[in-house]
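Engineer: Need coordinates for the below:
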Amino acid sequence: MRTSLRSVAKSQAFRLSVAAAVPTLVITALFSTGAAGAAGAADKAAGAAGTAADRPDKVSSAVLATGDSPRDGAFGHWVGTWAAAPQLTEPSNMPPAPFTNGNLVFADSTVRMSIHVTVGGRFIRLRFDNAYGGADLPITNVSVARPAGGAAGVSAIVPGSSQTVTFDRRSAIDIPVGANMISDALDFPVATNSNLTVTIYLSAGQASSSITSHPGSRTTTYMMAGNHVTDADLPGAASVAHWYFLSGLEAWEPVQTAAIDVVGDSLTDGRGSTTNGDDKWTDQLFSRLQASRSTSDITVLNQGLGGNRILNDGLGPNVLARVDRDVLSQSGVKWLIVYEGVNDIGTANATQADQQKVAADLIAALQQIITRAHAAGIKVYGATITPFGGNAGYDDPTGFREAARQTVNTWIRTSHVFDAVLDFDAAVRDPANPRQINPAFDVGDHLHLTPAGYGAIAAAVPVALFKQDQAAGIQ
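Structural biologist: Numbering: from 1, shown residues only. Below you'll find the predicted structure:
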């Protein structure tokens with residue numbers, strides 16, 4: 001039986017064969033009411049790109065007939081291949097006028113976004129989120145297509161490549177306040193390490209100034225008045241660097257494929273990385289994993305939030321509050337990397353008593369995260385807190401905050417409660433002044449890193465940790 005399972009798993013590695021010829025993907029989502037016309041246009045476009053059997057309204061029956069429909073346990077499973085932690089959109093990151101108009105957002109507006117796929121696959125499904133919306137979020141149509149040139153942050157798509165995505169075979173749904181919804185499976189091969197663009201159209205708009213987004217996309221998003229959901233390009237569109245409403249992409253993968261979920265703050269979210277460059281440390285870690293055949297089936301989910309804290313809400317919910325949503329409810333997660341704590345230390349009062357308390361509270365909170373992840377069968381790797389000496393907001397002349405950082409880091413390194421320790425502090429600190437970031441890696445604020453600094457973080461993750469686990473996965 002084991003030989004049979006191994007054989008089936010290898011035969012299911014469709015992402016290496018079918019998806020290899022597909023350089024990238026674009027997702028288009030239409031938000032409003034009554035989008036039959038847009039759905040029909042998307043189907044017509046899909047027909048131009050392939051045969052009738054390739055269209056989403058034809059694929060389901062064909063797949064069911066051949067027994068290849070993705071069903072958990074059928075020699076495969078769903079695995080997250082891209083994620084963005086949702087949060088309440090603060091005023092400075094709301095869509096610019098006229099796309100925000102009082103308590104009405106994105107009325108009669110098209111928004112086109114890009115995301116970066118890690119491990120690809122033949123079948124995909126999407127997560128949309130209304131976690132922080134003040135009103136229901138109506139979705140009328142979602143379609144996928146390939147972006148022009150395969151590049152991140154572009155507004156153009158390949159003409160004729162659009163396909164429609166459904167939710168319980170319907171193109172129109174309403175996501176209630178506080179909820180998220182996952183689409184039906186779509187037979188649309190996506191390549192590993194490719195780009196994907198999401199375009200949404202809202203006819204009536206979301207009737208609230210409270211909306212769900214991920215501000216730190218480091219990827220260009222385009223906005224234009226009117227319904228341009230199937231347009232090949234959006235010339236003259238306004239642009240920002242935020243994602244709205246989309247929180248995840250999953251792919252149907254062989255049983256041995258699994259995800260690394262990374263919970264972090266702006267250092268994980270990529271402040272200081274290149275816009276549209278996909279060179280955050282999680283991106284560079286994924287490239288390292290791809291370099292070895294034994295880890296090429298591991299996805300990476302970046303759940304970083306700028307300004308995030310473990311103990312208290314800040315920009316986004318605290319880690320103790322969001323670990324269920326951003327880790328435990330994600331599909332296919334096998335490992336969790338926790339790289340947080342600097343904002344807890346940096347925002348606590350710079351007194352000896354307050355810093356001793358925040359260090360003790362961080363240690364207790366990290367143990368809670370480990371306990372909850374282990375209960376779900378997820379290994380937890382702890383990352384040391386990187387330096388902030390010289391930062392105008394966080395460094396203090398008394399050194400109490402630095403002492404708190406050292407206390408937490410010593411515990412991470414020596415407590416043996418983590419399944420492994422990732423010493424990011426050692427990777428980026430200045431050898432001549434360990435309280436500060438190495439000048440070669442400092443973006444300039446003595447807290448965040450350059451792409452080279454993020455490369456040093458990625459290089460500090462022992463890929464052998466995942467090789468050992470993957471080798472034990474299928475006998």
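
Engineer: Only C-alpha atoms from now on, for both contacts and neighbour counts.
Structural biologist: Noted.

Engineer: And the helices in the stretch 201-350 of the chain?
Structural biologist: Assigned by DSSP state H, counting those that start in this stretch, the stretch 201-350 of the chain shows helices spanning 266-269, 281-290, 319-323, 342-347.

Engineer: In TSV: those helices, plus mean pLDDT, mean neighbour count and distance to Gly307.
Structural biologist: Listed next are these as TSV, based on pLDDT from 0 to 100; neighbours: other Cα atoms under 10 Å; distance: least, Cα to Cα, whole Å:
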stretch	mean pLDDT	mean neighbour count	distance to Gly307
helix 266-269	98	24	6
helix 281-290	98	21	17
helix 319-323	98	19	11
helix 342-347	98	22	7
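
Engineer: closest one to Ser171 among the ones you listed?
Structural biologist: Proximity to Ser171 (Cα to Cα) singles out helix 319-323 among these, at 29.3 Å.

Engineer: For the closest one, name the packing helices and strands.
Structural biologist: helix 352-375 (3 or more Cα pairs under 8 Å, 6 or more residues apart in numbering; DSSP states H and E).

Engineer: so which of the helices of the stretch 201-350 of the chain comes closest to Ala151?
Structural biologist: Each of those has some distance to Ala151 by Cα to Cα; the shortest is helix 281-290, at 15.2 Å.

Engineer: What are the boundaries of the helices in the stretch 1-150 of the chain?
Structural biologist: Under DSSP H, counting those that start in this stretch, the stretch 1-150 of the chain gives helices at 2-11, 14-17, 36-49, 56-66.

Engineer: I'd like the mean pLDDT over the first one, please.
Structural biologist: Yep, that's helix 2-11 we're talking about. What helix 2-11 shows for mean pLDDT is 36.

Engineer: Please apply the same query to the second one.
Structural biologist: Rounded to a whole number, the mean pLDDT of helix 14-17 is 42.

Engineer: next one: the last one
Structural biologist: If you average the pLDDT over helix 56-66, you get 30.

Engineer: what does the longest one give?
Structural biologist: The average of the pLDDT scores along helix 36-49 is 36.

Engineer: can you give me phi and psi for Phe466?
Structural biologist: Note on Phe466: its backbone torsions stand at phi -80, psi -30 [degrees, to the nearest 10].

Engineer: need the contact list for it.
Structural biologist: Thr295 (Cα atoms under 8 Å, 6 or more residues apart in numbering).

Engineer: repeat for Thr274
Structural biologist: By Cα under 8 Å, 6+ apart, the neighbours of Thr274 are Arg218, Lys280, Pro451.

Engineer: Over to Val111?
Structural biologist: With Cα under 8 Å, 6+ apart, Val111 has these contacts: Val198, Thr199, Ile200, Tyr201, Thr221, Tyr222, Met223, Met224.

Engineer: Among those, which one sits closest to Phe123?
Structural biologist: Of all those, Val198 has the smallest distance to Phe123: 16.9 Å, by Cα to Cα.

Engineer: and the contacts of Val111, which are buried?
Structural biologist: Val198, Thr199, Ile200, Tyr201, Thr221, Tyr222, Met223, Met224 (16 or more other Cα atoms under 10 Å).

Engineer: Skipping adjacent residues, who's closest to the fifth one in space?
Structural biologist: This points to Thr221. For Thr221, ignoring the flanking residues on the chain, the nearest one in space by Cα to Cα, 6 or more residues apart in numbering is Met113 at 4.5 Å.

Engineer: Give me the distance between that neighbour and Thr140.
Structural biologist: Distance, Met113 to Thr140, by Cα to Cα, to the nearest Å: 17 Å.

Engineer: Same check on Thr100?
Structural biologist: Separation of Thr100 from Thr140 (Cα to Cα): 20 Å.

Engineer: between those two, who's got more neighbours?
Structural biologist: Thr140 (26 against 17; other Cα atoms under 10 Å).
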